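> just the structure for this:
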Amino acid sequence: MSAWKELTTLTEWQEVLDRSSEKPAVILKHSTTCPVSASALDEYEQYLSGTHNEAVDYFLVKVIESRPVSNQIAEDLGIKHASPQILYFKDKESIWNTSHWSVTNKHMSAVLD
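Numbers count the residues shown, from 1 in each chain. Modelled structure (predicted):
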């Protein structure tokens, strides 16, 4: 079982956003048709399979299949959409984000641990 949960509805996203006031969260925006995104997903799963920050909730959004959710995340956090893209937020505000080849286990460890 993955250490992340997939978000597929706007209701799920709203619950995660609201809960970020109690527990920070990370979302990987993932394109199922993009090789760069496949690499980012591998890096995300490598990070989560090791010693990772357990005080954070982890999620994944498939940007093609769940476009309304992806768009709402960009709007609510005020971060221009990219894919792949990783977003770390707390109290409904972005703390850190990066995209494309910068989505690496090393970067996640540096920021989250």
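
> what does stretch 7-16 contact?
25, 27, 57, 59-62, 65-66, 68-69, 72-73, 76 (CB atoms under 8 Å, 6 or more residues apart in numbering). Glycine gets a C-beta too; all of them are placed from N, C-alpha and C.

> please point out which parts of the helix ranked longest in the chain sit buried.
For the chain, the longest helix by residue count, based on DSSP state H, is helix 35-49. Judged by neighbour count (16 or more other CB atoms under 10 Å), helix 35-49 contains these buried residues: 37, 40-41, 43-45, 47-48.

> I'd like the next helix or strand past that helix.
As assigned by DSSP states H and E, the chain's next helix or strand after helix 35-49 is strand 57-62.

> that following strand vs helix 35-49, what angle?
Here the directions of strand 57-62 and helix 35-49 differ by 160 degrees (axes from the mean of the first three to the mean of the last three CA atoms, to 10 degrees).

> now strand 57-62, how far from the chain's geometric center?
Centroid separation for strand 57-62 versus its chain: 5 Å, with CA atoms, centre = their mean, to the nearest Å.

> what about it, average pLDDT?
The predicted model assigns strand 57-62 a mean pLDDT of 97.

> partners of it in the sheet?
Applying DSSP bridges, strand 57-62 is found paired with strand 5-6 (parallel), strand 25-30 (parallel).

> quick check: buried residues in the following helix or strand past the first one?
Reading on from strand 5-6 to the C-terminus, the next helix or strand found by DSSP H and E is helix 10-19. Of the residues in helix 10-19, those buried by neighbour count under the rule 16+ other CB under 10 Å are 12-13, 16-17.

> what is the nearest of those residues to Glu93?
Distance to Glu93 across the buried residues of helix 10-19 (CB to CB) is lowest for Leu17, with 10.0 Å.

> centroid residue for the chain?
The geometric centre of the chain, computed from its C-alpha atoms, lies nearest to Ile27 (CA atoms, centre = their mean), at 1.3 Å.

> distance of it from Glu45?
Note on Ile27: its distance to Glu45, by CB to CB, to the nearest Å, is 14 Å.
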